[in-house]
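Trainee: Curious how this folds, go ahead:
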Amino acid sequence: MHIIAVGAGPSGLCLALLLGKAGIKTTLLDTGSTIDDRPRAAHYAPSAIRVLRAAGVLEDVRRLGFLPGNMTWRKIDGTPIASIKDTAETRGPEGLTVLPLNLLGKVLLDHAEKNTNITIKWNHNVVGVGQDDTSAWAIVRAEDGTETKYSGDYLSGCDGANSQVRKSLFGESFPGKTWDAQIVATNVYYPLDKLGLDEINNIIHPTDYYMAAKITRDGLWRVSYGEDPNLSHAEVVAHQPAKFARMLPGNPKPEDYKLTNVGPYRIHQRCADKMTVGRITLAADAAHLCNPFGGMGLTGGLVDVGDLADCLVGIDQGLAEPQILEKYCEIRRQKWRDVIDPISSGNFIRVSATDPERAREVDPFLEMVKKMETDAVLRKEFDDSVYDICHDFKQYYKGAQRVTANELKL
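Mentor: Coordinates of the predicted model:
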């Protein structure tokens, strides 16, 4: 089997590694000249850790990253409201792990370049896709206008929020909504841990809500905060020092911290109508988007490609019918609807539209988190629930228990 994967970001590279380990040849096509070096997201939930382990990269991820401590919801003055208490030791073998996405990309690329089943083609701008009964293909257009066709047995779009694969299938249709909000992602060296914050913090406030999390061992923090959606990029950048001075512990002036990145962006909750169309599939941001406050975007994308790899490996090894890809579409869209969207939307509303003085009173989740601090049974139920985003597609392999023609919609 030969797979064409569009997009050599973390999701595309991870898919290629999972397939490559199973002996499946994968050609990755990417419009860039190398991997994206922006830090961006950094947190990998236990469900994503499983996929990184299966891809053979977890040891390197853990070596370069770290397992964080508590996750706490706070008032703007730093007063704790509720906390999921943890230590690096209690996180366990599949515990939440932190490593900026650019560093994960380097790890994945290093492993991919050593796998003879994987071919990466940079500066390959995909402008369209197509398929017939036996193959799927991508059309790559060079700067001089010439076009080249890359064909495989199946094609997967892992090419991000502006996915050309998705647009080739559905045009501009991407059902969902754009929040009436603007988020500003900053990376900053400022000792928030010495000023009373935990390694992951959600600050609840009607205008100055933010998330602050340590993302590197050397003290780089990601601070993502809400800003007036009517401000331009230049106005957001100009306003950043005032926001930091007003909302961060210590009321810092610019000379008190080292800012390495300021990036305003709009946030969305969207999911494609289908993640499988014949021999073409979508995964990660190409298939669905969510705001970053629930930590479900990157994790959801990695779980997508882990499941997609199981489906494709099953087909390649004769253990599954091609219709398993329809099951992939059904289940991954269901997981977005029932898990990813509610969790990410819920935490964004929690931090941005909840009265911090009454937060535990009006928010059952925060009340549950507070009870978990002393209730071991409730904490165990919560820890188990972090795998709700997962699904075992190997149960649909031939001979596996519970496989029925109806389940596969044959």
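Trainee: hey, let's count contacts and neighbours off CA atoms from now on
Mentor: Noted.
Trainee: pretty sure residue 36 contacts residue 7?
Mentor: No - the criterion here is CA atoms under 8 Å, and residue 36 misses it with residue 7 at 10.9 Å.
Trainee: higher neighbour count, these two?
Mentor: residue 7 (30 against 16; other CA atoms under 10 Å).
Trainee: For the closest residue to the more buried one other than its chain neighbours, give me its contacts.
Mentor: Leaving aside its chain neighbours, residue 7 sits nearest to residue 159 (4.2 Å; criterion: CA to CA, 6 or more residues apart in numbering). Taking CA atoms under 8 Å, 6 or more residues apart in numbering, we find residue 159 in contact with 6, 7, 8, 9, 12, 30, 165, 285, 286.
Trainee: and with 6 Å instead?
Mentor: Counting by CA atoms under 6 Å, 6 or more residues apart in numbering, residue 159 touches 6, 7, 286.
Trainee: mind checking how far it is from residue 256?
Mentor: 38 Å (CA to CA, to the nearest Å).
Trainee: Then residue 18?
Mentor: For residue 18, the distance to residue 256 - CA to CA - is 44 Å.
Trainee: Between these two, which is the more surrounded one?
Mentor: Shown here are residue 18 and residue 256; by other CA under 10 Å, residue 18 has more neighbours (24 against 12).
Trainee: quick one: the more buried one and residue 55 touch, right?
Mentor: Yes - counting by CA atoms under 6 Å, residue 18 touches residue 55, with 5.0 Å between them.
Trainee: re earlier: may I have the secondary structure class of the residue nearest to residue 7?
Mentor: coil (DSSP: H, G, I helix; E, B strand; the rest coil).
Trainee: Which strand or helix spans the spatially most central residue of the chain?
Mentor: Nearest to the mean C-alpha position of the chain, by CA atoms, centre = their mean, lies residue 298 at 0.9 Å. Secondary structure from DSSP states H and E places residue 298 in helix 297-316.
Trainee: and that helix, average pLDDT?
Mentor: What helix 297-316 shows for mean pLDDT is 97.
Trainee: who's in contact with that helix?
Mentor: So helix 297-316 is contacted by 11, 15, 44, 48, 51, 283, 284, 290, 320, 321 (CA under 6 Å, 6+ apart).
Trainee: Residue 243: which of these is nearest?
Mentor: Nearest to residue 243 among those: residue 290, at 24.4 Å, using CA to CA.
Trainee: From residue 299, how far off is the closest one?
Mentor: Distance check for residue 290 against residue 299: by CA to CA, it reads 11 Å.
Trainee: Equivalent analysis for residue 92, please.
Mentor: For residue 92, the distance to residue 299 equals 18 Å [CA to CA].
Trainee: So for those two, which sits in the more crowded spot?
Mentor: residue 299 (23 against 11).
Trainee: mind listing the helices for the stretch 1-150 of the chain?
Mentor: Secondary structure of the stretch 1-150 of the chain (DSSP state H, counting those that start in this stretch): helices at 10-21, 46-54, 58-64, 88-91, 101-113.
Trainee: Oh, that last question was meant for the stretch 201-350 of the chain, not what I typed.
Mentor: 233-247, 297-316, 324-335, 341-352.
Trainee: Burial check on residue 57, number of neighbours?
Mentor: Neighbour tally, residue 57, other CA under 10 Å: 19.
Trainee: Phi, psi for it please.
Mentor: Dihedral pair for residue 57: phi -120, psi 0, per degrees, to the nearest 10.
Trainee: In contact with the closest residue to residue 126 other than its chain neighbours, which residues?
Mentor: Of all residues not flanking residue 126 in the chain, residue 140 sits nearest, at 4.4 Å (CA to CA, 6+ apart). Contacts for residue 140 were tallied using CA under 6 Å, 6+ apart; they are 124, 125, 126, 127, 147, 148.
Trainee: From residue 108, how far off is the second one?
Mentor: Distance, residue 125 to residue 108, by CA to CA: 21 Å.
Trainee: Between the two, tell me which one has more neighbours.
Mentor: residue 108 (28 against 21).
Trainee: Could you report the neighbour count for residue 195?
Mentor: 12.
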